[in-house]
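[1] Task: produce atomic coordinates for the following.
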Amino acid sequence: MMKANAVMFDIDGTLADTRRRAHLLPYECSLAWQDWKHELWTKYNDDCINDPVIESNVELLRLFAANEFFIFISTNRPINVHAQTISWLNRNNIPVNGIQMRMCSSSPAVLKMGHARWLMERFKVSFAFDDDIDVVKAWRTLDIAAFLVMEANSPLVI
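    Down below sits the predicted model:
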């Protein structure tokens, strides 16, 4: 039996424009994923509900959904903002079939490799989109066509 096609998308910096809340997380803290339960990370993540969408990437996701791809979210957001995340996705009419969130202190690349492996057991993962080059490189080692949508921790050039 052939597996159905799936596509993976990150949220922060890929579907959600997080620049509005960037001031909540000093640069040096944003690189310290080990401290993901730190109060600064908590304030930053709690405010995710108000993020605007990155329209071009959301439109791309909708094209995949219209072509019957399983839409899977692989996010570094902690599980404690699951309700806010689902609410944000619904409010912005972003179709999603599955989501996995942070539950441990792994690097984003290690965390999302686990998400990808889980998804690959169930689907043919055709494409993946993230703003973290380390995640994109990790996904590519699994022979996933992974695309860098912008570079994390760099200013967005408009």
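
[2] Contacts for stretch 76-90, please.
    With C-beta atoms under 8 Å, 6 or more residues apart in numbering as the contact definition, stretch 76-90 has outside contacts at 10-12, 16, 33, 36-37, 41-42, 45-46, 48-49, 51, 73, 75, 96, 99, 101-103, 108, 111-112, 132. (C-beta placed from N, C-alpha, C; glycine too.)

[3] what about 6 Å?
    45, 48-49, 96, 101-103, 108 (C-beta atoms under 6 Å, 6 or more residues apart in numbering).

[4] I'd like to know how many residues surround K43.
    By other C-beta atoms under 10 Å, the residues close to K43 number 12.

[5] wait, what's in contact with it?
    So K43 contacts L24 (C-beta under 6 Å, 6+ apart).

[6] swap in N97?
    70-71.

[7] do that again at 10 Å, thanks
    Contact analysis of N97 by C-beta atoms under 10 Å, 6 or more residues apart in numbering lists 4, 6-7, 65, 69-73, 123.

[8] Please tell me how far it sits from V110.
    In this structure, N97 and V110 are 24 Å apart, going by C-beta to C-beta, to the nearest Å.

[9] ok, now I79?
    16 Å.

[10] where in the chain is pLDDT low?
    Low-confidence segments of the chain (pLDDT under 70): 26-38, 104-105, 151-158.

[11] Output the contacts of N97 in CSV, with secondary structure, distance to W139 and neighbour count appended to each entry.
    Listed next are the contacts of N97 as CSV, based on DSSP: H, G, I helix; E, B strand; the rest coil; distance: C-beta to C-beta, whole Å; neighbours: other C-beta atoms under 10 Å:
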residue, secondary structure, distance to W139, neighbour count
A4, coil, 19, 13
A6, strand, 12, 23
V7, strand, 12, 24
A65, helix, 20, 16
F69, coil, 16, 21
F70, strand, 16, 21
I71, strand, 16, 19
F72, strand, 12, 22
I73, strand, 14, 23
F123, coil, 14, 19
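
[12] just these now: which is nearest F147?
    Using C-beta to C-beta, V7 comes nearest to F147 of the contacts of N97, at 10.3 Å.
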